[in-house]
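Participant: Mind looking at a prediction? Sequence and model below.
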Amino acid sequence: MQDGLRYVDAEQVVTDLGGFPPNVREVLDTINRRVAAAESLDRVMEFLWEATRPLCPCDRIGLAFLEDGGARVSSRWVRADYEPVLLGAGYGEETAGSSLEELVRGRRLRIIDDLSAYLEAHPDSRSTRILVREGVRSSMTCPLLVDGRPVGLLFRSSRRPRAYGEAEVVMHLAVAERLSQAVEKAWRIEQLAAANAAYSEMLGFVAHELKSPVGAMILEARMILDGYAGPVAEEQRRRLDRLVAKGEYLLGLVRDYLDLARVEAGDLAPAIRDGVDLAGEVLEMAIEIAAPQAAEKGITIERDWPETPFPVAVDPDLLRIVAVNLVGNGVKYGREGGRVRVSARRTPEGFRAAVFNEGPGFPESQRSRLFRKFSRVQDPELMRRKGTGVGLYTVARIVRMHGGRVGAESEPGSWAEFRFEIPQPPVLPQEARRSPG
């Protein structure tokens, strides 16, 4: 006790609601209701901060998540009635060798009655040193448990020493019991968000690094085919054609994943430009990209839009991604010797574009799989065509960025049509616009 540190075995502390005064019971009941109503963790913690300070000595409340199986603690939420707060949200530290290790291992509560004395005895404790600089002199910490497993820590601190006795311990544990479920839910959401961000960053990096060398390989192979390195024998030409086809397939995958990475990053907003020629700047370019593959399969690409210019307000760069995906899919899944029709029309609300192809289509039972990330229609004939499962998802995301909607129709075994509609002017979510160019 010379360092001011003591532990309380939580199993031996009774937190029966009936033993609390009415005002404490009301606070605990409210926490229960808010957690049950799935209120955000921040809102629950704000209520906890305001409601419990009159009931228990408190100049500071902190909440932390346990990570890596309890090997690390990361501060998630902090409130104090003083400035500056030096140890705030985002602060992280290893638990090994610290007094928090006891809390991670078992159901115990830690009380430090005198942080100055504790710091003298443990000068290497960085978090204690920071708290003492803030003026904190005593603290009470307990684990937040879900099914007996620690998921976080709840800290309550005071700027006077020896602030916490038996009554405060009981209340602190009762609060922690009610808070645990909300903390685990928030922790899982944040972990998923962090994993998704890391995946998007890695996806973009890998795709970007592959794009240039794959493109260079295709260019070199085409130059050889064109005779720049001398005559090409028929067998060599056949093998080079296969090499180019495989390279173009890989380059298509790279484009898909680069587009997905841009969309998933969350910082992509349409740069709306008025007067974009939908046919000339968007649809024709998509047809040009798909033309070589269409020629190989003997597919005829038809154009169906007004002869007069078709000006619209869109982000042409993003809409080209939509058109390239839809026209490319129309050719890829189209029947050899069949037709692909690319159409565009004005509507009372804006405009509509569609890509129709003669081919296997898709069964109605598989409609829900369309436009979902990494999801492909589970049909034997369609699965034989290689795909990433991200193209239609990217299409849907970009169209929705313009305030539009996507859709698809099919007659299995005969045809399929994928369409998108965009209002004019576009209705951007939360008015998210960025300046073109």
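Facilitator: Received, thanks.

Participant: Tell me the buried residues in stretch 153-171?
Facilitator: 153-159, 163-164, 168-171 (16 or more other CB atoms under 10 Å). Every C-beta, even on glycine, is put in place using the N, C-alpha and C of the backbone.

Participant: among those residues, which are in helices?
Facilitator: The helices, defined by DSSP state H, take in 168-171 from the buried residues of stretch 153-171.

Participant: of those residues, closest to residue 351?
Facilitator: Residue 351 lies nearest to residue 171 out of these, by CB to CB, at 62.4 Å.

Participant: close enough to count as contact, that closest one and residue 53?
Facilitator: No: if you go by CB atoms under 8 Å, residue 171 and residue 53 don't touch, sitting 11.9 Å apart.

Participant: need the ones in helices among the buried residues of stretch 153-171 in TSV with distance to residue 313, can you?
Facilitator: Putting these into TSV (distance: CB to CB, whole Å) gives the following:
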residue	distance to residue 313
168	62
169	64
170	63
171	59
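
Participant: How about the contacts made by residue 6?
Facilitator: Residue 6 makes contacts with 110-111, 113, as judged by CB atoms under 8 Å, 6 or more residues apart in numbering.

Participant: tell me which element it falls in.
Facilitator: Element membership for residue 6, per DSSP states H and E: strand 5-9.

Participant: and if you look at residue 274?
Facilitator: Element membership for residue 274, per DSSP H and E: strand 273-277.

Participant: In that strand, which residues are buried?
Facilitator: For strand 273-277, by 16+ other CB under 10 Å, it's 273, 276.

Participant: Tell me which helix or strand comes right after it.
Facilitator: Next along the chain after strand 273-277, taking DSSP H and E as the criterion, comes helix 284-297.

Participant: how many degrees apart are that next one and strand 273-277 in direction?
Facilitator: Here helix 284-297 runs at an angle of 40 degrees relative to strand 273-277 (axes from the mean of the first three to the mean of the last three CA atoms, to 10 degrees).

Participant: for helix 284-297, packing partners?
Facilitator: strand 300-304, helix 316-332, strand 339-346 (3 or more CB pairs under 8 Å, 6 or more residues apart in numbering; DSSP states H and E).

Participant: Which of the ones you listed sits closest to residue 426?
Facilitator: That would be helix 316-332 among the helices and strands packed on helix 284-297, by CB to CB, at 10.4 Å.

Participant: can you confirm residue 151 is in a strand?
Facilitator: Yes: according to DSSP: H, G, I helix; E, B strand; the rest coil, residue 151 belongs to a strand.

Participant: Report pLDDT for it.
Facilitator: Residue 151 carries a pLDDT value of 86.

Participant: Repeat that for residue 331.
Facilitator: Confidence at residue 331, expressed as pLDDT, is 92.

Participant: Distance of it relative to residue 242?
Facilitator: 19 Å (CB to CB, to the nearest Å).

Participant: Over to residue 216?
Facilitator: For residue 216, the distance to residue 242 - CB to CB - is 18 Å.
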